[in-house]
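1. This is a predicted model, with the sequence first.
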Amino acid sequence: MRVATFARVNVTRSLAAAAAFTVTAAATAVAQSAVQSASKIDPADTAWMIVATALVLMMSIPGLALFYSGMVRKKNVLATMAQTFAATALCSVLWMAIGYTLAFTGAGPILGTLNRVLMRGIGMDTISPLAPTIPEALFLIYQMTFAVITVALVAGSVADRMRFSAFLWFSALWLLIVYVPIAHWVWGGGFLQRAGVLDFAGGTVVHLNAGIAGLVGAYLLGARRGYGADNFAPYDLSLAVIGTGLLWVGWFGFNGGSALGANSRAVFAITATHLAASMGALTWMALEWWVRGKPSVLGMISGAVAGLGTITPASGFVLPWHGLVIGLAAGVVCFYACTWLKIACGYDDSLDVFGVHGIGGATGTILVGVFATRSIGGVSGLLEGHPSQVLIQLYGVVVTLAWSAIASFILFKAVSAFTPLRVDKQSEMEGLDVTQHGEALQ
Amino acid sequence: MRVATFARVNVTRSLAAAAAFTVTAAATAVAQSAVQSASKIDPADTAWMIVATALVLMMSIPGLALFYSGMVRKKNVLATMAQTFAATALCSVLWMAIGYTLAFTGAGPILGTLNRVLMRGIGMDTISPLAPTIPEALFLIYQMTFAVITVALVAGSVADRMRFSAFLWFSALWLLIVYVPIAHWVWGGGFLQRAGVLDFAGGTVVHLNAGIAGLVGAYLLGARRGYGADNFAPYDLSLAVIGTGLLWVGWFGFNGGSALGANSRAVFAITATHLAASMGALTWMALEWWVRGKPSVLGMISGAVAGLGTITPASGFVLPWHGLVIGLAAGVVCFYACTWLKIACGYDDSLDVFGVHGIGGATGTILVGVFATRSIGGVSGLLEGHPSQVLIQLYGVVVTLAWSAIASFILFKAVSAFTPLRVDKQSEMEGLDVTQHGEALQ
Amino acid sequence: MRVATFARVNVTRSLAAAAAFTVTAAATAVAQSAVQSASKIDPADTAWMIVATALVLMMSIPGLALFYSGMVRKKNVLATMAQTFAATALCSVLWMAIGYTLAFTGAGPILGTLNRVLMRGIGMDTISPLAPTIPEALFLIYQMTFAVITVALVAGSVADRMRFSAFLWFSALWLLIVYVPIAHWVWGGGFLQRAGVLDFAGGTVVHLNAGIAGLVGAYLLGARRGYGADNFAPYDLSLAVIGTGLLWVGWFGFNGGSALGANSRAVFAITATHLAASMGALTWMALEWWVRGKPSVLGMISGAVAGLGTITPASGFVLPWHGLVIGLAAGVVCFYACTWLKIACGYDDSLDVFGVHGIGGATGTILVGVFATRSIGGVSGLLEGHPSQVLIQLYGVVVTLAWSAIASFILFKAVSAFTPLRVDKQSEMEGLDVTQHGEALQ
Amino acid sequence: MKLITAIIKPFKLEDVRDALVSVGIHGMTITEVKGYGRQKGHTEIYRGAEYVVNFLPKIRLEIAVAEEDTDRVVEAISAAAKTGQIGDGKIFVIPIEQAVRIRTGETDADAL
Amino acid sequence: MKLITAIIKPFKLEDVRDALVSVGIHGMTITEVKGYGRQKGHTEIYRGAEYVVNFLPKIRLEIAVAEEDTDRVVEAISAAAKTGQIGDGKIFVIPIEQAVRIRTGETDADAL
Amino acid sequence: MKLITAIIKPFKLEDVRDALVSVGIHGMTITEVKGYGRQKGHTEIYRGAEYVVNFLPKIRLEIAVAEEDTDRVVEAISAAAKTGQIGDGKIFVIPIEQAVRIRTGETDADAL
Ligand SMILES: Nc1ncnc2c1ncn2[C@@H]1O[C@H](COP(=O)(O)OP(=O)(O)O)[C@@H](O)[C@H]1O
Ligand SMILES: Nc1ncnc2c1ncn2[C@@H]1O[C@H](COP(=O)(O)OP(=O)(O)O)[C@@H](O)[C@H]1O
Ligand SMILES: Nc1ncnc2c1ncn2[C@@H]1O[C@H](COP(=O)(O)OP(=O)(O)O)[C@@H](O)[C@H]1O
């Protein structure tokens, strides 16, 4: 019976694969109903997915809140936490109200349906064809944690200068207009999934998407005052280290949970994830040691997060040792994106959301095309003689990049039309904690 | 077979319901033995409940320790952590020795039996009729984490001034004389449960109870020196934000675990919980923004905790969207309790245990009577045409409030009879860290 | 079917027991193949073990990183975190590449095989005879987290003065030459396991082992400058308290997970663990109160960790109330090891790795011989009329102690042969954060 | 002009500030300092180690005043900062030869 | 010699340092202080409680200079630290009777 | 009376304190400060950014002494704080016109 379930999971996740060859909505539909009929809530899968949901929530609060606030100056620590925290609350409500149904119901190529608005029709026994062994409510809240952290990630690029109210407006709009559609395209049966794009846990939907939006924001808001001149040394890096630890642990739920059950695929996803994070940290450490003469803690944690972001799309499709290679790639690519590319292009992506998540997400998504292994995820990549998968992945990257860039640009502009995006000079100097929230670290 | 188990779980938790109509101990007894006979340890439920136990423990250490210590001044940070930490250790031992058996064995209306003193008779295969699919030892330790955090919560009201030794004495006595009986009345087959009072995870037993005890303590100890005059700004609010994140995540185990199994009810409980927390945070933020001109981080996390405390009794009985409404109510009610009621009455509840947990717990318990939904928890509330449930809930609130207030008052007095409750003036000025524990943040 | 599985788990873990009477490799082999044939992946066990793995990882990052960095001076906080963090990344990769296969494959008395180098041959359905109900990849990564934290523990003894590069070299060598063999001897079917040595979750392999290595390191590196004279007060003890909370919670995965399934044995292990931690904290607190006049927070958390380390080898073999006794013993023994023995012998074990983990691990391992209970772990100890078990345990302690001491000594010397172990005077004064990593807390 | 430097107990700051305002002083600069003197410190215990902390937290006030205000200010501080217990602190009066308000360039008495 | 004590806005530190270097000053000591004056503070809100924070972060510079450099240095600081808004701070000049460089034992002008 | 202000390396504090006590000084006030001078700082690296930190941690001692003790105290500090390496710091002697012990109201020499 497990084997059966497991097979089914494969089917679901690799609709893509199936579709890749016979690209017809029909095929998909069939596959799905097939799933439906066979659906039954499995207690073990439910146990694991509840925990996975808690782990991914922990990635945002307190994980990401710590990771980010540990890299800013004292005067902005609380404001940085506030962004993650408020985005979590706001996007959770919006996701339950409208986001989920638009992303994960129906088989439309572009958007889902309105069948599940405000969870309408979701009862104790309801199951989604996309997660055939757990309650649909669990699938909804699990996916909610992904939506939340993606929005929260963007804040890192505009840290130290974006107005809190403008950030909230942007978050709400961006969730619905940028995140939701892409989630549907890649995971909800949309055109990218049908085209065979593989993204196990969010290389495109989460990381590339957030990285691009962040980059656009960094350009539109402009650099922080004193950028390049004044000392922007982090106030308390230990917060960032704690945050990285919680992110790393939480990522077990992020990538492992994307198997949607307590099965071997979840185990392999977690193994590849852990190895990629380790290699990413070691690689960044080694490079910095070599280039700068000293291995910084910030470097190690940056490498770990780079490895985690990069393995995300691949985790459930590749072998553990591929995780080592992908982690290595992540360390190298993201290191230079943060220490060279950023300087070269002159944008001020405060906490390197683009350099770490954008670049990492894209790299990982493409590498899935190289390493995808049939025995793990049911799909073969370049190494198994299916080179076209690389192109399919590239297609996914380009589409995500394009939509995220264009739509984010428009949204930032739209928000700035009715409220300034950036705090005034005086507030920026005094710090966001006091000026935006009326609080301060003593 | 799952459906079966699940049905059984319902029965257990809603003995109340059953009893509500045919109020006879017999009924209960029957129901229970019925359960017993059918009992069998389920590995998936066991897996989830072990994790739920870990999550609730994490709520106390480090969750609550952080949440509380993040709101005090530098000189009291360690002492505040010490209270949570010592309460955890002390109450765990007492619970295993005597608390559990008095609260969760037998069908006495007032107290349990002594059958399980020091876990006597609990073997590898023993199962409690109150948790028919997991080992009794697991049920015991799961409930232990509830007892621990309830006692630890009280410390917030007397923070910055209570002597450590007096707090330990109070904790031990309060656990046995206040917490244990109420737990039995509401969850252990006592008279409130038989009367049909619904409290899924502790609106009365945990939050209202702790809030009232705290309020009594705040009155008896008196306000902190300089209260209202000096600047009591928190030393490091970031600790409180981290703590809130861990509390929120841990609450999945608190409310979700109260379904005692990896089933849809746990999922619905978690969904309602997460939505209530989100709405609570957004509501408090909005109110503060409107009233004070700025949304503080402390406000957001206060709202989140208010939402979490308020949904607690309702979580396994209501629909997800009810969680939104309850979170909204929590935000409004607790906001005014902390910013107006406290000032109006002039008590110094240092960390607003009454304002957040007391008021929230009572509000939530009453709202269960309004929103209880048969399809979720097997019981109907006002909205489903069973208005009397509101009165039953009110009855539960009043009884808890009364017992907690009277007994707590007596216990504080009793302790003060042999050791002072409050540190001397000099120590309060120097700070509790150095004077009570001989340590300090450097 | 559960009962069956469960029986099997017993067999596996207590090969020891079996062997103790008929000491023949044959017996073992048979037992194992028996297991193998019957092996089948159980989804509930898999769900629990994935979470247990995440919990143990959380013990290292951020748990141990916080616990340790919270006890050092401001100038060394980040460097201390860096050691834990880098050890995690480095040892994870080495474990997957070579460590696991040498420790957990084959039935060699001294070392395992090379069959699983780089996870070769581990597929989705592969199961290890040592963990018959979960995927072998999960067993590998679960054990990986043990290897990681053991190496990270050692860093505490040489904190504040060891060069980062030297520490990395030592970590890699020590993992492979000290940890891996001992893990095989005690858990992988090696000679200690066959001799009947009982160590449920690592009293010898993890705690005694790390404590001895740390002690050797402390002697070889020498005391920190100003030791005994200058004020070495911890910079921010609150970090250590947070760390202890996460360690405690994570320990549920450490000891509970060592049952390798979601069963009653895991539950009993966790119960004994929690009670021992609580008693340890209370005991240390009481002793310090009595001896020093004040109960420090550092004392309470030290006692909790002492209780946790001491119960580790016993957790799956004893009754809950034994946990209370063992926790009490831990509190007393470790308290004097840290406050008297260390002074008397004059070594500078910076963070008391020997005093807490070394002494605790040894004490606990011996006490297993006293309290082992057949109904829990399938083996009887002194109290059940099997006194020889105490000697068997002693044998395990002596062998571990000897190998760890000798090999660690040689490795420290070996590393010092090509790179200095200790930073120069100037760097030690300026602090490791700036001199080793080019960063600092502002 | 004089620079009045006072070392006081931290919890007395508000009182002293009010006292100064009441004698017409509207500017001052404070520093968190540590003081060593007759007042004995406390002992901190960290596992095996005990440390006697002799340097206690104090607040250092600097107030530049015109010649004629000196005594009034010194008295105001003494009165407000006094608890009568060891550790109350000191007041030192130091000559200022020149003072400038950066914003306006005003000098001496006008600068205060 | 004189001890020039300047209270400035924190974000002006780099500018002032550069200005001093450009007039040949290569040594100074800075302290994080809090200042009270005309510049009004902000309000912090913590649940029920509101606190007006009147003491604002400032940087205090101490520069020992030879008699003849005094004016040049004072001017350099005034110019570099000035924003024209309330709160720019003050400069006080105090006499030094003796100075020693600990490392060499050099005294007075040579010690700076 | 004189106010002796010394800037020293932090790890020398204990030695200097002992030296002062041994010459009969039982009171002082210390401040954590940052110093800029000949001693060159270190570089901190945060991902793409490198910062040269020129302001190094120092301890500032203030000791009010009676006229006649001045030299003895200055010598005691110089001797105790000296490492011979760049960055050892400075000692400045400044006149005090008046001193008060807040607790007793004692003035001048008696106040110390
Ligand atoms: N000679 C001194 N020079 C500078 N500061 C001093 C001197 N003596 C005392 N102080 C400061 O005054 C504070 C109080 O002095 P202390 O002797 O403890 O009490 P009291 O002033 O009441 O006699 C000390 O903590 C220290 O900061
Ligand atoms: N009389 C004084 N003595 C010492 N410091 C002062 C005095 N007056 C002002 N200050 C310092 O100068 C800072 C700026 O003074 P303020 O009156 O706010 O603005 P401005 O100097 O532009 O008039 C204050 O924050 C305080 O640190
Ligand atoms: N002109 C000055 N005014 C005030 N403080 C100074 C001056 N020059 C140096 N200092 C202080 O003395 C410290 C040591 O000075 P530095 O030139 O680095 O070494 P040295 O005193 O050995 O020549 C500096 O860090 C600074 O705090």
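-> Good, I have the coordinates. Ligands and ions are numbered 1, 2, ... in the order given.
2. Pull stretch A:356-374 out as CSV, backbone CA atoms only.
-> Listed in CSV are the C-alpha atoms of stretch A:356-374, where the atom choice follows Å, rounded to 0.1, in the frame of the first residue of the first chain:
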residue,chain,number,x,y,z
VAL,A,356,21.9,34.4,-2.6
HIS,A,357,18.3,33.4,-3.4
GLY,A,358,17.9,34.8,-7.0
ILE,A,359,21.1,33.4,-8.4
GLY,A,360,20.9,30.3,-6.3
GLY,A,361,17.3,29.5,-7.2
ALA,A,362,18.1,29.9,-10.9
THR,A,363,21.3,27.9,-10.7
GLY,A,364,19.5,25.1,-8.9
THR,A,365,16.5,25.0,-11.2
ILE,A,366,18.8,24.6,-14.2
LEU,A,367,20.9,22.0,-12.5
VAL,A,368,17.8,19.8,-11.9
GLY,A,369,17.8,19.4,-15.7
VAL,A,370,21.3,18.0,-15.4
PHE,A,371,21.0,15.7,-12.4
ALA,A,372,17.3,14.7,-12.5
THR,A,373,17.3,10.9,-11.7
ARG,A,374,14.4,8.7,-12.7
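3. Of all the residues in it, which ones are buried?
-> A:356-373 (16 or more other C-beta atoms under 10 Å in any protein chain shown). Backbone N, C-alpha and C define where each C-beta goes, glycine included.
4. Write out the residues of chain D neighbouring chain E.
-> Counting by C-beta under 8 Å from any C-beta of the partner chain, the positions of chain D adjacent to chain E are D:3, D:17, D:26-31, D:62, D:64, D:94-103, D:105, D:111-112.
5. List buried residues within the residues you listed.
-> D:3, D:17, D:27-31, D:62, D:64, D:94, D:96, D:98-103, D:111-112.
6. Also near ligand 2: which of those residues, exactly?
-> Checking these against ligand 2 by C-beta under 6 Å from any ligand atom, the ones in range are D:Gly27, D:Met28, D:Thr29, D:Glu62, D:Ala64, D:Arg101, D:Arg103, D:Leu112.
7. mind checking the SS state of the nearest residue to D:Asp108 once chain neighbours are set aside?
-> Once flanking residues are discounted, D:Asp108 sits nearest to D:Ala99: 5.4 Å by C-beta to C-beta, 6 or more residues apart in numbering or on different chains. When classified by DSSP: H, G, I helix; E, B strand; the rest coil, D:Ala99 comes out as strand.
8. got the contact list for D:Ala99?
-> The neighbours of D:Ala99, taking C-beta atoms under 8 Å, 6 or more residues apart in numbering or on different chains as the test, are D:Met1, D:Ala64, D:Thr107, D:Asp108, D:Ala109, D:Ala111, D:Leu112, E:Lys90, E:Ile91, E:Phe92, E:Val93.
9. How about A:Ser171?
-> Here A:Ser171 is in contact with A:Ala86, A:Ala87, A:Leu90, A:Cys91, A:Val151, A:Val154 (C-beta under 8 Å, 6+ apart).
10. Over to A:Phe139?
-> A:Met49, A:Phe104, A:Ser128, A:Leu130, A:Ala131, A:Leu260.
11. Make TSV out of those and add distance to chain B and secondary structure.
-> Converted to TSV, the contacts of A:Phe139 look like this (distance: C-beta to the nearest C-beta, whole Å; DSSP: H, G, I helix; E, B strand; the rest coil):
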residue	distance to chain B	secondary structure
A:Met49	9	helix
A:Phe104	15	helix
A:Ser128	12	coil
A:Leu130	16	coil
A:Ala131	12	coil
A:Leu260	14	coil
